[in-house]
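**Student:** when you get a sec, could you give me coordinates for this:
(one chain, ligands or ions: 1)
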Amino acid sequence: VSELPVLWHIEISHYNEKARWALDYKGIPHVRKAPFPGTHGFYAAWLTRGRSRTFPLLQLNGRTIGDSTDIIAALEELQPEPPLYPEDPAERARALEIEDFFDVEVGPNVRRLVFANMLEDRELTIAGVEQSHPGRHRVMRATYPLARAAIRMDYGATEERKDEARRKVDEGLALIEAEAGPSGYLVGDAFSVADLAAAALIGPLTVPDSYPNAVLSVTSPVQELRDAVRARPAGQWGLEMYARHRGASVAVPA
Ligand SMILES: N[C@@H](CCC(=O)N[C@@H](CS)C(=O)NCC(=O)O)C(=O)O
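**Tutor:** Next up, the predicted model:
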């Protein structure tokens with residue numbers, strides 16, 4: 001049991017959800033660790049000797065892998081079944097390209113939009129950002145103004161950037177609507193890393209039941225965002241991918 005992979009994660013984060021989904025999809029038992037919110041950058045720098053400043057991070061067989069895309073690549077190698085990479089080389093290249101597009105163009109803008117709509121509400125933000133350890137909420141309340149400023153700055157989650165973020169998110173939703181085939185999948189006719197990445201990274205906007213941020217759908221600005229995305233075929237597609245392929249977690253209690 002001591003050799004289980006360890007996923008250092010942020011519960012609410014959609015990039016972290018990408019890594020959790022891949023581990024669960026492949027049925028790889030692992031332990032999850034979620035340090036105090038806001039300290040992730042330091043933990044990441046420490047665990048990777050300065051190579052990475054973000055979560056998720058996966059400790060696997062003596063390696064520490066940063067970046068959700070690299071984590072999925074390592075899991076695919078460790079345990080090819082069930083596959084997340086299409087076998088056909090052209091399809092595989094396209095799936096990785098779509099994963100990259102959602103990582104780079106869509107993910108940061110989803111985060112920007114959600115935080116820009118949520119940060120004014122201290123209690124909601126705290127409840128959303130820290131769900132597993134409510135004992136941390138007291139300190140988070142006391143330091144909230146600082147945390148809010150840091151999130152606004154780090155993620156560009158400001159009123160002024162909302163419109164631009166919305167346009168980038170719409171590009172992602174349009175890609176899904178253009179590329180989903182009759183089977184529902186973005187590449188070929190099977191579930192792949194393209195579907196997983198796209199559905200996970202728009203997860204904070206579609207809010208599937210199993211996404212660990214149901215709290216996001218309770219406040220009105222965030223709820224409006226969710227309803228607008230759910231009203232689109234791409235929103236329904238995201239929920240459908242969760243219903244079909246987001247099985248139960250195989251994480252082992254720490
Ligand atoms: N490209 C990275 C992005 C991950 C990322 O942006 N993680 C954010 C949370 S969503 C993070 O760890 N931020 C540091 C912090 O919050 O302290 C990946 O795919 O893993």
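
**Student:** contacts and neighbour counts: CA atoms only from here.
**Tutor:** Fine.

**Student:** quick one: end-to-end distance for stretch 116-135.
**Tutor:** One end of stretch 116-135 to the other measures 25 Å (Cα to Cα, to the nearest Å).

**Student:** please compute how far that stretch lies from its chain's middle.
**Tutor:** 17 Å (Cα atoms, centre = their mean, to the nearest Å).

**Student:** please pull out the lowest mean pLDDT helix or strand from the chain.
**Tutor:** Least confident element among the helices and strands of the chain, by mean pLDDT, DSSP states H and E: helix 220-230 (a mean of 87).

**Student:** just after it, pick out the following helix or strand.
**Tutor:** helix 233-245 (DSSP states H and E).

**Student:** so where do the strands sit in the chain?
**Tutor:** 6-8, 30-33, 57-60, 63-66, 251-252 (DSSP state E).

**Student:** would you turn those into a markdown table with distance to the ligand and mean pLDDT?
**Tutor:** Output for the strands of the chain, formatted as a markdown table (distance: least, Cα to the nearest ligand atom, whole Å; pLDDT from 0 to 100):
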| stretch | distance to the ligand | mean pLDDT |
| --- | --- | --- |
| strand 6-8 | 10 | 97 |
| strand 30-33 | 13 | 96 |
| strand 57-60 | 7 | 98 |
| strand 63-66 | 6 | 96 |
| strand 251-252 | 19 | 95 |
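
**Student:** export these to CSV and tack on distance to residue 186?
**Tutor:** Formatted as CSV, the strands of the chain follow (distance: least, Cα to Cα, whole Å):
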stretch, distance to residue 186
strand 6-8, 27
strand 30-33, 28
strand 57-60, 27
strand 63-66, 26
strand 251-252, 28
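
**Student:** with mean neighbour count added, can I get these in CSV?
**Tutor:** Below are the strands of the chain laid out as CSV (neighbours: other Cα atoms under 10 Å):
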stretch, mean neighbour count
strand 6-8, 23
strand 30-33, 20
strand 57-60, 23
strand 63-66, 18
strand 251-252, 16
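
**Student:** quick one on the thing from earlier: would you mind writing the CA trace of the least confident helix or strand of the chain as PDB?
**Tutor:** What follows is helix 220-230, C-alpha atoms only, in PDB (Å, rounded to 0.1, in the frame of the first residue of the first chain):
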ATOM      1  CA  SER A 220     -27.000  33.500  -9.000                       C
ATOM      2  CA  PRO A 221     -24.200  34.800 -11.200                       C
ATOM      3  CA  VAL A 222     -22.600  31.400 -11.300                       C
ATOM      4  CA  GLN A 223     -26.000  29.800 -11.800                       C
ATOM      5  CA  GLU A 224     -26.700  32.000 -14.800                       C
ATOM      6  CA  LEU A 225     -23.500  30.900 -16.300                       C
ATOM      7  CA  ARG A 226     -24.200  27.300 -15.700                       C
ATOM      8  CA  ASP A 227     -27.700  27.600 -17.100                       C
ATOM      9  CA  ALA A 228     -26.500  29.300 -20.300                       C
ATOM     10  CA  VAL A 229     -23.900  26.600 -20.900                       C
ATOM     11  CA  ARG A 230     -26.300  23.800 -20.200                       C
END
